[in-house]
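*Asks:* What follows is a predicted protein model with its sequence.
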Amino acid sequence: MKDGVNGVALGVFIFFFLAVTVMGFLAARWRKAENEHSLDEWGLGGRSFGTWITWFLLGGDLYTAYTFVAVPAAIYAAGASGFFAVPYTILVYPLIFTFLPRLWSVSHRHGYVTTSDFVRGRFGSKGLSLAVAVTGILATMPYIALQLVGIQAVLDVMGIGGGDNTNWFVKDLPLLIAFGVLAAYTYSSGLRAPALIAFVKDALIYIVIAVAIIYIPIKLGGFDDVFAKAGHAFGQVNPVTGKPRGALVSGEAQQWTYATLALGSALALFMYPHSITATLSSKSREVIRRNTTILPLYSLMLGLLALLGFMAIAAGVKVTNGQLAIPQLFENMFPDWFAGVAFAAIGIGALVPAAIMSIAAANLFTRNIYKDFIKPDATPKQEAQVSKVVSLLVKVGALVFVLTMDKTVAINFQLLGGIWILQTFPALVGGLFTRWFHRWALLAGWAVGMVYGTLVAYGVPSPTNPTQKHFGGSAKEIPGIGEIGYIGLTAFVLNLAVTVVLTLVLKAVKAPEGLDETSPGDYTADAGDPGVQQELPAGAAH
């Protein structure tokens, strides 16, 4: 790490940060609606985004600063096992092609803003809807925190905030400023702000990766040298664990872990509230179908991004916190001005998803807790105002989480969030294709999956830190098979088994199934079809 503040890189970073800040506030006037006081307008951008805006928004939503920092950091720390993120993003797009258009259609027909809205309408159960909402909020909070961790990693490498002995306020002041700006323009512009900024964020990321994948290997002597040095480094025995650091190619013992983690992560990705919020903001069913065919371009980017982990090893980057490996690689290898561009890409790559995530969590609270249980007669204007305030509280909670806890705790809770959000899959995706599952069975299956996943994850110690006894990873032995696999997928299978068995029992005893307010035609409706929510006053169909 270079001594002191990297003034040139900092100047470039500030330039781009100011540019997107201005864009964030101007977004309030972009595609402005006649009536902006509703969740449709503030929380979903008026459901008006076309193919390219939706593509950039979904990309900005899913490929975050954490992705930019953590995926190559996983490669840097352990080798090939970190590549699981590439196949899972490939698996996810055929999967979402089957159900996202159906979710878009039924949501627009009935004015649903969240997944919990759909679950309540499909199964006639506020309890199940509440479970999905609470799970979504819990899973999103540490995800937002990790975006702030990404910004903090960049600031640390640039030398901002002083050393460990610096007053905490001075040290964290740059992060507090970034948080304040994010909170302000999200409050004023809603989903339009990250939608507009996503263009800049994705352009910067593509430029940085394109340059990095060519420029850095040339400076390091070519990919042959990069892989040779990485292979040698992974072969060194870790004195803490007594095992090799990692491997260029995963061994047979890791195959179950790799495969189940990739599959489970693919199933979970579009269960996150922010993924659905970006999806429902599009203007037609066809926009969603087109996006599922062009979003795989991001997987290509992710594969190239992952290679940076090997380059960091070959470049001799030494950091105690793996999250700093890639920012440090950029500072070491790039000219200062382009290092600033790379840091801006990571920083803006945190602002866009953090904004969408806070909006998505706020929409869940407003629609499925506040309106369903606290104020059933809330007007669309009151819903929008509550959601704005809650989006601020969510970001404050994430900020407190980052400033008061060790960064590894934030990462572990994000892994736990993935286990949790996967347990909403049967209710959401299952409900989009069949009404066969019983609402009480779905709730029981969700509870079993949540409890099992949490307890098993609690018992996993860190493989590299002997003092960390709990939430040290997301893989554990699969009961009955004996192989090490992703806890979330095991919990999901258990969830599904309980749901199926209890559904058979509850149907046999003729337990009340609840009212389904949807009809078969709702799942294939498109914009402009009779009865679609766009033709109704905001909130009238809720």
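*Replies:* Ah, there it is.
*Asks:* List the contacts of the spatially most central residue of the chain.
*Replies:* The centroid of the chain falls nearest to residue 62 when counting by CA atoms, centre = their mean (5.4 Å). Neighbour list for residue 62: 89, 269, 275, 298, 353 [criterion: CB atoms under 8 Å, 6 or more residues apart in numbering]. Bear in mind the C-beta positions are built from the backbone N, C-alpha and C, glycine included.
*Asks:* Residue 85 too?
*Replies:* Contact partners of residue 85, counting by CB under 8 Å, 6+ apart, are 67, 71, 74, 265, 302, 306.
*Asks:* In the stretch 51-200 of the chain, where is pLDDT below threshold?
*Replies:* For the stretch 51-200 of the chain, the stretches flagged by pLDDT under 70 are 161-171.
*Asks:* now do 80
*Replies:* 60-68, 160-175 (pLDDT under 80).
*Asks:* show me where it has strands.
*Replies:* Secondary structure of the stretch 51-200 of the chain by DSSP state E, counting those that start in this stretch: no strands are present.
*Asks:* try the chain
*Replies:* For the chain, the strands defined by DSSP state E occupy 475-477, 484-486.
*Asks:* what lines up beside the first one in the sheet?
*Replies:* The strands that strand 475-477 pairs with in its sheet are strand 484-486 (antiparallel) (by DSSP bridges).
*Asks:* Minimum distance to residue 21: which of the strands of the chain has it?
*Replies:* Closest approach to residue 21 among the strands of the chain (CB to CB): strand 484-486, 38.7 Å.
*Asks:* Tabulate the strands of the chain (a markdown table), appending distance to residue 154 and mean neighbour count.
*Replies:* A markdown table is the format used below for the strands of the chain (distance: least, CB to CB, whole Å; neighbours: other CB atoms under 10 Å):
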| stretch | distance to residue 154 | mean neighbour count |
| --- | --- | --- |
| strand 475-477 | 29 | 19 |
| strand 484-486 | 30 | 24 |
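*Asks:* Switch those over to JSON lines; also include mean pLDDT and distance to residue 330.
*Replies:* As requested, the strands of the chain are arranged in JSON lines below (pLDDT from 0 to 100; distance: least, CB to CB, whole Å):
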{"stretch": "strand 475-477", "mean pLDDT": "89", "distance to residue 330": "30"}
{"stretch": "strand 484-486", "mean pLDDT": "92", "distance to residue 330": "31"}
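*Asks:* just so I know, which of those lies nearest residue 513?
*Replies:* Of all the strands of the chain, strand 484-486 sits nearest to residue 513, with 32.3 Å by CB to CB.
*Asks:* what sits against the closest residue to residue 268 other than its chain neighbours?
*Replies:* Once flanking residues are discounted, residue 268 sits nearest to residue 422: 4.2 Å by CB to CB, 6 or more residues apart in numbering. Contacts for residue 422 (CB under 8 Å, 6+ apart) come out as 264, 267, 268, 271, 449, 453, 488, 489, 491, 492.
*Asks:* List the ones among those that fall in helices.
*Replies:* In helices, defined here by DSSP state H, the members of these are 264, 267, 268, 449, 453, 488, 489, 491, 492.
*Asks:* among the residues you listed, which two are most distant?
*Replies:* Within the ones in helices among the contacts of residue 422, two members stand farthest from each other by CB to CB: 267 and 453, at 13.2 Å.
*Asks:* the more surrounded of those two?
*Replies:* residue 453 (27 against 21; other CB atoms under 10 Å).
*Asks:* Verify the contact between the more buried one and residue 491 for me.
*Replies:* Yes. Residue 453 is within contact range of residue 491, at 3.6 Å (criterion: CB atoms under 8 Å).
*Asks:* any shared contact partners between the two?
*Replies:* Counting by CB under 8 Å, 6+ apart, the residues touching both residue 453 and residue 491 are 419, 422, 423.
*Asks:* Which stretches in the stretch 401-542 of the chain count as helices?
*Replies:* Per DSSP state H, counting those that start in this stretch, the stretch 401-542 of the chain carries helices over the ranges 407-422, 425, 431-433, 439-458, 487-508.
*Asks:* between the longest one and helix 439-458, how big is the angle?
*Replies:* Right, the one you point to is helix 487-508. 160 degrees (axes from the mean of the first three to the mean of the last three CA atoms, to 10 degrees).
*Asks:* What is helix 487-508 packed up against?
*Replies:* Contacts defined by 3 or more CB pairs under 8 Å, 6 or more residues apart in numbering; DSSP states H and E place helix 487-508 against helix 255-269, helix 407-422, helix 439-458, strand 475-477.
*Asks:* what about 6 Å?
*Replies:* Under the contact criterion of 3 or more CB pairs under 6 Å, 6 or more residues apart in numbering; DSSP states H and E, helix 487-508 touches helix 255-269, helix 407-422, helix 439-458.
*Asks:* between those, which gets nearest to residue 173?
*Replies:* helix 407-422 (18.3 Å).
*Asks:* so who does residue 495 touch?
*Replies:* 423, 445, 448, 449 (CB atoms under 6 Å, 6 or more residues apart in numbering).
*Asks:* For residue 372, state which of the residues you listed is nearest.
*Replies:* residue 423 (20.2 Å).
*Asks:* neighbours around that closest one, how many?
*Replies:* Residue 423: 29 neighbours (other CB under 10 Å).
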